[in-house]
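Trainee: have a look at this fold, sequence not included:
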């Protein structure tokens, strides 16, 4: 198998991509005022489910910001594919392109080959979502092998509200070592 999953409480890898405005973006870097980061990996322009999910995610941007959680979405699409996709998106959070196959493997993502040239012209990552804490440790990871499996955004953001409340002292889960 080509993937090796990233584990909770480990450092998120240093991966850089390009923003829609062609700036180099380190996925783990946080905007000023945010100490946590949500990295959403989407399949690309060819996926209508991704388009719907990203547009829905826009509705939660304010609540994430109140929690000091920065947000970025990224795919393996080219700049031209991202520019074409932006016409179908109603988002104001940063979106990036250029996730390489090596990056996808480093992140432990499931990778698919296109079914035809109509779908896309490159291998692409299946959906994933990572939430990084103030130390860039993976606090939450969701890695799927199909476009139909994604976290419910209301439940996810409500969970982050619970986690971020210091009174709850909620640890990183899934860290058992035999």
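Mentor: Thanks, I have it. Note that the structure is a prediction, hence the values are computed from the model and not measured.

Trainee: so where's the chain shaky on pLDDT?
Mentor: 1-3 (pLDDT under 70).

Trainee: can you pull out the strands in it?
Mentor: If DSSP state E is used as the criterion, the strands of the chain fall at 16-19, 24-26, 36-41, 69-74, 95-97, 111-112, 124-125, 128-132, 138-143.

Trainee: name the residues that touch the fourth one?
Mentor: What that stands for is strand 69-74. The contact list for strand 69-74, computed with Cβ atoms under 8 Å, 6 or more residues apart in numbering, reads 17, 25, 27, 30-31, 34, 36-42, 54, 57, 61, 64, 91, 93-97, 99, 131, 160, 164. Yep, even glycine has a C-beta here, placed from its N, CA and C like the rest.

Trainee: if you set the cut-off to 7 Å instead, what comes out?
Mentor: By Cβ atoms under 7 Å, 6 or more residues apart in numbering, the surrounding residues in contact with strand 69-74 are 17, 25, 27, 30-31, 34, 36-42, 54, 61, 64, 93-96, 99, 160.

Trainee: buried only: go through the residues you listed for me.
Mentor: By neighbour count, with 16 or more other Cβ atoms under 10 Å, those hold 17, 25, 27, 30, 34, 36-42, 54, 61, 64, 93-96, 99, 160 as buried.

Trainee: so which of the strands of the chain is the most packed in?
Mentor: Comparing the strands of the chain by mean neighbour count (mean count of other Cβ atoms under 10 Å), strand 124-125 ranks first with a mean of 26.

Trainee: neighbouring strands for it, and are they parallel or not?
Mentor: Sheet pairing for strand 124-125, assigned by DSSP bridges, gives strand 111-112 (antiparallel).

Trainee: how about the nearest residue to the residue nearest the centre of the chain, chain neighbours excluded?
Mentor: The chain has residue 40 as the residue nearest its centroid, 1.5 Å off, counting by Cα atoms, centre = their mean. With sequence-adjacent residues excluded and distances taken as Cβ to Cβ, 6 or more residues apart in numbering, residue 40 is closest to residue 73, at 4.4 Å.

Trainee: what does residue 134 give?
Mentor: Using Cβ to Cβ, 6+ apart and skipping residues adjacent in sequence, the residue nearest residue 134 is residue 35, 4.2 Å away.

Trainee: how near is that neighbour to residue 107?
Mentor: 21 Å (Cβ to Cβ, to the nearest Å).

Trainee: now the helices for the protein?
Mentor: Counting by DSSP state H, one finds helices in the chain at the ranges 48-58, 61-66, 79-86, 101-106, 153-164.

Trainee: and the angle from the first one to strand 128-132?
Mentor: Computed by axes from the mean of the first three to the mean of the last three Cα atoms, to 10 degrees, the angle separating helix 48-58 from strand 128-132 equals 30 degrees.
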